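Engineer: after the sequence you'll find the predicted model.
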Amino acid sequence: MSDDLKKGLEGVLVAESELSYIDGDEGRLVYRGYEIGDLAERASFEEVLYLLWHGELPTASALSTFEDELAANRTVHDDVLETVRRLAEADANPMAALRTATSMLSAYDDEDGEPGTRAEDLSKGKRITAKMPTVVAAFKRLRDGNDPVAPREDLDHAANFLYMLNGEAPDDKLAEVFDMALVLHVDHGINASTFAAMVTASTLSDIYSSITSAIGTLKGGLHGGANQNVMAMLKEIDDSELSVVEWTRNALEEGKRIPGFGHRVYDVKDPRAAILGDQSRALGNASGELKWFSYSQVIEEFMQQETGIAPNVDFYSASTYYQMGIPIDLFTPIFALSRVGGWIAHVLEYQEDNRLIRPRSRYVGATDQAYVPVEQRE
Ligand SMILES: CC(=O)SCCNC(=O)CCNC(=O)[C@H](O)C(C)(C)COP(=O)(O)OP(=O)(O)OC[C@H]1O[C@@H](n2cnc3c(N)ncnc32)[C@H](O)[C@@H]1OP(=O)(O)O
Ligand SMILES: O=C([O-])CC(=O)C(=O)O
């Protein structure tokens, strides 16, 4: 492979950004100058959304207005709920259902501005961000044979989602852990799904199209879909006769990738994995069942020793969400409920100085072929 061909666009710079800084050697992540650890511990998801979209942390009154605006936009149109019901009855993949419903939401967003402008994309982006949790929670409830629970405006984004999912308001601790997870997942440079959103936006398409592209891209197992695969692995290990180390060693010997490990940018442990690992351990301690955290820790140590490959964000989010009682196939939709904030932020930033994104491939196929009519082909 020659030097000018960057398979997977590795290391290729496509934009300047003030949104998130990643130091892959030190394991450091910063949103607009603020360390991820500080934000995870001290800021709410709404505050971080505001920071990403507006460039600075909100004042108390700006935050309150912003929270109210999001909360007032949580309800989704009955037609969309009806489609979600059909998708649930058809046992659709939850990410596919979210992708379809998010796309459908655009038909009921009657703001008629100019796509590709900040005003239009920000106001629609707020509505998408407000409504996606309602879609995911409704899908889960309908799939379980329950009616959807209408959103509550008096709860914050994290607590309201758990309320709509379970039909009862979460205790403060669970709401806090979930809010922290939303903060940790909201942005991460030009990852694959963010790039997908930017490619779509760069054609001057609309923000619903960008978010729909991004949801489809986040779904895959090499990206956001890995969090579900991590939990499936932990459960498979639990069901097997093998020790955690034996299972992991066999998987590596069979040439399998261990979900939740490795990263295009980090050479060391993802800082988000460290924070989520603490949450996973704390939940295990609180319930008295440390199995899922312990398995994860053994895998991490073994992977470090055998391969030097460290965990990424998806590794400990899996056991964290599982211990919160969240169904495994909702882990990636939950990632999307957070990352939508980053997708919107990058679209807004890129469109300040938009240029169509259009890379090239090197043609290595045949040339000078003579066309043969179909009846003469053998
Ligand atoms: C939110 C997120 O998207 S975080 C990432 C979530 N994805 C996963 O956890 C899936 C598992 N991880 C992977 O498949 C990869 O590490 C990726 C896709 C994340 C990054 O891939 P790339 O940057 O293309 O790395 P690449 O595929 O070149 O891997 C480099 C080497 O590490 C190995 N490697 C990378 N990840 C793993 C893994 N999880 N398990 C075992 N080996 C791995 C590869 O086999 C390769 O080895 P080789 O050079 O001997 O062939
Ligand atoms: O940055 C990436 O390539 C993947 C990732 O960790 C994320 O999207 O959060």
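Structural biologist: Done, it's in. Numbering: from 1, shown residues only. Ligands and ions are numbered 1, 2, ... in the order given.
Engineer: and E89, how many neighbours?
Structural biologist: Applying other C-beta atoms under 10 Å, we find 10 residues neighbouring E89. C-beta coordinates here come from the backbone N, C-alpha and C atoms, glycine included.
Engineer: ramachandran coordinates for it?
Structural biologist: Main-chain torsions, E89, degrees, to the nearest 10: phi -60, psi -30.
Engineer: in contact with it, which residues?
Structural biologist: Each residue near E89 by C-beta atoms under 8 Å, 6 or more residues apart in numbering is listed here: L142.
Engineer: return the set of buried residues in stretch 243-261.
Structural biologist: Neighbour-count burial for stretch 243-261 flags 244, 247-248, 251-252, 258-261 (criterion: 16 or more other C-beta atoms under 10 Å).
Engineer: which residues of the stretch 251-378 of the chain lie near ligand 2?
Structural biologist: 263-265, 312-313 (C-beta under 6 Å from any ligand atom).
Engineer: closest one of those residues to H185?
Structural biologist: Compare each of those with H185 using C-beta to C-beta and the shortest gap goes to V313, at 6.7 Å.
Engineer: what sits against the nearest residue to the closest one once chain neighbours are set aside?
Structural biologist: Using C-beta to C-beta, 6 or more residues apart in numbering and skipping the chain neighbours, the partner closest in space to V313 is R272 (4.1 Å). With contacts defined as C-beta under 8 Å, 6+ apart, R272 is in contact with 29, 36, 184-185, 312-313.
Engineer: need the residues of the stretch 101-250 of the chain near ligand 1, please.
Structural biologist: 222-224, 226.
Engineer: ok, and the closest non-adjacent residue to whichever residue of the chain sits closest to ligand 1?
Structural biologist: Closest to ligand 1 within the chain is G262: 2.2 Å, counting by C-beta to the nearest ligand atom. Using C-beta to C-beta, 6+ apart and skipping the chain neighbours, the partner closest in space to G262 is I309 (5.1 Å).
Engineer: now do the SS call for the one you found.
Structural biologist: State at I309, reduced to three classes by DSSP: H, G, I helix; E, B strand; the rest coil: coil.
Engineer: surely it is in contact with F261?
Structural biologist: Yes: applying C-beta atoms under 8 Å as the test, I309 and F261 come out as touching, 4.8 Å apart.
Engineer: neighbours of the closest residue to R99 other than its chain neighbours, how many?
Structural biologist: Spatially, and ignoring its direct neighbours in sequence, R99 is nearest to I215 (4.3 Å; C-beta to C-beta, 6+ apart). Other residues near I215 come to 29 when the count uses other C-beta under 10 Å.
Engineer: how about I215, what does it touch?
Structural biologist: Listed by C-beta under 8 Å, 6+ apart, the contact partners of I215 are 95, 98-99, 102, 193, 336.
Engineer: same check on V84?
Structural biologist: So V84 contacts 97, 101, 135, 138-139, 142, 148 (C-beta under 8 Å, 6+ apart).
Engineer: quick one: pLDDT of the residue positioned nearest the centre of the chain?
Structural biologist: In the chain, the centroid-proximal residue (C-alpha atoms, centre = their mean) is F335; its distance is 3.1 Å. Looking at F335, its pLDDT is 99.
Engineer: contacting residues around it?
Structural biologist: 185, 218, 224, 227, 317.
Engineer: just after the helix or strand encompassing the fourth one, pick out the following helix or strand.
Structural biologist: Pointing back at N227 there. Element membership of N227, judged by DSSP states H and E, is helix 226-239. The helix or strand immediately downstream of helix 226-239 is helix 244-253, counting by DSSP H and E.
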